[in-house]
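**Student:** Provided below for reference: sequence and predicted model.
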Amino acid sequence: MRVGRGTPAGRAGAQSNESAAAAAGRAGARSNESAASAAGRAGARSNESAAATSDDTTISSEFADNGLVQVLLGPNNANLDRIERQLGVALNARGNAVMISGTTESAGEARRILDGLYDLARRQGHLETADIDAAIRMVHHAPGSGAEQVLRTRKRHIAPRTPVQAQYMTAMAESDLVFGLGPAGTGKTYLAVAKAVTMMMAGEVDRLILSRPAVEAGERLGFLPGDLKEKVDPYLRPLYDALYDMLPGDQVMKKLASGEIEVAPLAFMRGRTLANSFIILDEAQNTTPVQMKMFLTRMGEHSRMVVTGDLSQVDLPPGQRSGLADALEVVEHIVGVSRIVFTDRDVVRHDLVTRIVQAYDRQGRAGGRP
């Protein structure tokens with residue numbers, strides 16, 4: 001029996017065929033769209049890759065002195081390896097030149113770092129790992145900052161090693177009162193002493209006065225033998241160390257004897273007016289509010305004052321408010337006062353010190369002991 005299109009069976013068969021054809025058409029269309037979309041994405045990725053690689057460049061830095069080039073490269077090109085790892089560039093030494101390959105931006109940074117390190121090697125005759133890291137920080141994180149800020153003392157030429165150190169040096173040059181705040185190893189006291197010695201050598205101040213509160217760091221030392229100077233000198237040793245790092249020993253002794261340089265505990269400041277002086281108060285977090293007020297009001301005419309401290313290392317008795325924290329609130333809106341805050345990124349001691357400071361910071365934020 002023949003089934004016609006007009007019969008119910010014929011109509012059902014026709015509809016089935018039409019549905020199958022429509023489904024096949026839609027599937028084919030989707031397949032074509034998917035293929036076109038995939039091809040488009042692949043093409044876009046290819047174009048993006050081409051655009052990324054088109055920014056790559058190779059430039060060269062050439063240096064005149066063969067001996068200094070060897071200092072610049074480091075043992076077995078160790079200095080170049082360190083720069084490569086941190087900037088993501090390729091450095092190849094060829095005679096007196098270094099070929100630099102990378103993106104336009106990173107290659108330019110690498111060249112500025114190499115030029116700066118070459119100049120530093122010429123000034124001091126050697127390079128340390130800390131010098132390499134400092135040059136990378138200064139160029140990579142704050143291009144141009146601190147380029148001309150060099151403090152020249154009898155024994156050392158001292159340049160900022162981090163962008164915040166550059167801000168600190170600028171503040172000490174421009175403000176009469178500077179607070180340097182932050183963790184150990186960031187150069188707060190060292191740079192302040194360097195600035196003081198530089199100004200004294202230039203005749204800008206007549207005296208250098210360095211002071212610290214005589215507070216034990218969580219210990220009870222008991223009776224200390226000797227006269228008053230011998231009792232307090234151990235507390236002031238870091239200040240002496242900085243002085244001897246910048247001036248010949250005989251000059252330090254001569255200036256201490258003449259009174260041009262004075263290293264004294266904070267208690268000795270009461271009742272004095274300190275004019276034509278550069279005055280540094282170190283470890284200021286261990287002052288009381290009364291002591292801090294006394295110290296800040298000692299400033300006389302043509303004087304400059306730097307106060308350094310770390311509010312995470314207060315050694316005062318429990319419940320005693322730090323004079324540094326109190327003073328920061330009091331002088332917050334006073335014109336002529338600068339506040340520079342260092343962080344763990346500014347630590348310029350051993351790499352481990354940075355990681356230790358970061359670990360203590362994490363513990364403090366978690367609610368443990370700071």
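**Tutor:** Sure thing, it's come through. Numbers count the residues shown, from 1 in each chain.
**Student:** shaky segments in the stretch 101-250 of the chain?
**Tutor:** Applying pLDDT under 70 to the stretch 101-250 of the chain flags the ranges 140-148, 215-232, 235.
**Student:** residue ranges of the strands in it, please?
**Tutor:** Assigned by DSSP state E, counting those that start in this stretch, the strands in the stretch 101-250 of the chain fall at 151-152, 157-158, 177-181, 207-212.
**Student:** reformat the ones you listed as TSV; add mean neighbour count.
**Tutor:** (Each C-beta comes from the backbone N, C-alpha and C, glycine too.) Below are the strands of the stretch 101-250 of the chain laid out as TSV (neighbours: other CB atoms under 10 Å):
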stretch	mean neighbour count
strand 151-152	19
strand 157-158	18
strand 177-181	24
strand 207-212	23
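**Student:** quick one: which of the ones you listed is nearest residue 312?
**Tutor:** For the strands of the stretch 101-250 of the chain, the distance to residue 312 is smallest for strand 177-181, at 9.9 Å, taking CB to CB.
**Student:** how far off centre is the closest one?
**Tutor:** With CA atoms, centre = their mean, to the nearest Å as the basis, strand 177-181 stands 16 Å off its chain's centre.
**Student:** contacts for that strand next, please.
**Tutor:** Contacts with strand 177-181, where a contact means CB atoms under 8 Å, 6 or more residues apart in numbering, come from 168, 171-172, 188-189, 191-192, 296, 299, 304-311, 324, 327-328, 331, 336-342.
**Student:** given it, what are its sheet partners and their directions?
**Tutor:** Partners of strand 177-181 in the sheet, by DSSP bridges, are strand 304-309 (parallel), strand 337-341 (parallel).
**Student:** and among those strands, the most buried is which?
**Tutor:** strand 304-309 (a mean of 27; mean count of other CB atoms under 10 Å).
**Student:** C-terminal to that strand, what's the next element?
**Tutor:** Next helix or strand after strand 304-309 toward the C-terminus (DSSP states H and E): helix 323-330.
**Student:** which helices and strands sit right next to that next one?
**Tutor:** If you count contacts as 3 or more CB pairs under 8 Å, 6 or more residues apart in numbering; DSSP states H and E, helix 323-330 packs onto strand 177-181, helix 289-296, strand 304-309.
**Student:** present the strands of the stretch 101-250 of the chain as JSON lines; the columns should include distance to residue 252.
**Tutor:** Formatted as JSON lines, these follow (distance: least, CB to CB, whole Å):
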{"stretch": "strand 151-152", "distance to residue 252": "17"}
{"stretch": "strand 157-158", "distance to residue 252": "17"}
{"stretch": "strand 177-181", "distance to residue 252": "23"}
{"stretch": "strand 207-212", "distance to residue 252": "10"}
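**Student:** mind checking which of those is nearest residue 359?
**Tutor:** Closest to residue 359 of the strands of the stretch 101-250 of the chain is strand 177-181 (CB to CB; 19.9 Å).
**Student:** return the alpha-carbon coordinates of the closest one using PDB.
**Tutor:** This file holds the C-alpha atoms of strand 177-181, laid out as PDB (Å, rounded to 0.1, in the frame of the first residue of the first chain):
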ATOM      1  CA  LEU A 177      62.600  69.100  62.200                       C
ATOM      2  CA  VAL A 178      62.300  65.600  60.700                       C
ATOM      3  CA  PHE A 179      60.900  62.500  62.200                       C
ATOM      4  CA  GLY A 180      62.300  59.300  60.700                       C
ATOM      5  CA  LEU A 181      60.100  56.300  61.600                       C
END
